[in-house]
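J.: Got a predicted structure plus its sequence, pasted below:
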Amino acid sequence: MAESGESKLKLYSYWRSSCSQRVRIALNLKGLDYEYIPVNLLKGEQKNPDFLKLNPLGHVPALVDGEIVIADSFAILMYLEEKYPQHPLLPSDLQKKALNHQASNVVCSNIQPHQNLAVLNFIKEKVGPDEVIPWVQSHINKGFAALEKLLKDCAGKYATGDEVSMADLFIEPQILGAIKWFNIDMTQFPLLSRLHEAYSELPAFQNAMPENQPDAPPSSVTS
Ligand SMILES: N[C@@H](CCC(=O)N[C@@H](CS)C(=O)NCC(=O)O)C(=O)O
């Protein structure tokens, strides 16, 4: 909740954006009320001058907290963690904390950048439309195989133990996208498949799902 005298948090988001979904989950877990401001990536609204003032890279998400503007989901999560410590996203155990950073970075540095809209449009145009899906699949498969190995000895109910932590916020949106948009065969990844099932039970994750966002088209509920 916004404290009295403080303005409500604003999240610039796109319903299908996995990076935005990470932040939506964090806000839900921490019980923070926020205003959802849609940025339609397919219409190119991320390149509008007003939005570029918030993030010169022209990417969602961006979070505005009073006078403070932060873009990049990792930076936003770190900010939320310090300013709103309820429901911590990082364990105090140093090794587990490092593992959370590493697993999160597998998704945000080694998988998601390869499937970004601008990258896919570039491949479609310069290489060929048939190469788009194989390109993304190769990066998702490589990253998911690494996550299976990385997490095999430490996963509990969730990625790094029995509490939801930061790695989970990166993993679930990536799995959803892999299944929904990139036709990944998840039977190759039993641990990630099990985690995906566990996340589907949690209201903070359910409410952050793409189809539950105000800018999701009605057809997305069944697609
Ligand atoms: N590292 C950034 C990446 C942000 C990013 O790539 N966002 C995508 C959506 S998930 C985007 O806005 N793409 C717009 C485009 O490619 O034009 C983060 O984690 O927030």
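T.: Right, received. Where do you want to start?

J.: which stretches of the chain have low pLDDT?
T.: In the predicted model of the chain, residues 1-5, 221-223 satisfy pLDDT under 70.

J.: Quick check: residues of it near the ligand?
T.: Residues of the chain lying near the ligand by C-beta under 6 Å from any ligand atom: 17-19, 41, 46, 58-61, 72-74, 108, 116-118. To be clear about C-beta, it is placed using only N, CA and C from the backbone, and glycine gets the same treatment.

J.: What helix or strand is Ala145 located in?
T.: Assigned by DSSP states H and E, Ala145 belongs to helix 132-151.

J.: Just the residues of the chain next to the ligand: which are in helices?
T.: With helices defined by DSSP state H, the entries of those inside them are Ser18, Cys19, Ser73, Phe74, Leu117, Ala118.

J.: Contacts only, for the closest residue to Gln86 other than its chain neighbours.
T.: Counting by C-beta to C-beta, 6 or more residues apart in numbering, Gln86 lies nearest to Lys30, which is 5.5 Å off, once chain neighbours are set aside. By C-beta atoms under 8 Å, 6 or more residues apart in numbering, the contact set of Lys30 is Leu80, Tyr84, Gln86, His87.

J.: and of these, the nearest to the ligand?
T.: For the contacts of Lys30, the minimum distance to the ligand (C-beta to the nearest ligand atom) is 13.2 Å, reached by Leu80.

J.: Which of the three states applies to that closest one?
T.: The three-state label given to Leu80 by DSSP: H, G, I helix; E, B strand; the rest coil is helix.

J.: Can you name the residues that contact it?
T.: Val23, Ala26, Leu27, Lys30, Leu32, Leu63, Leu89.
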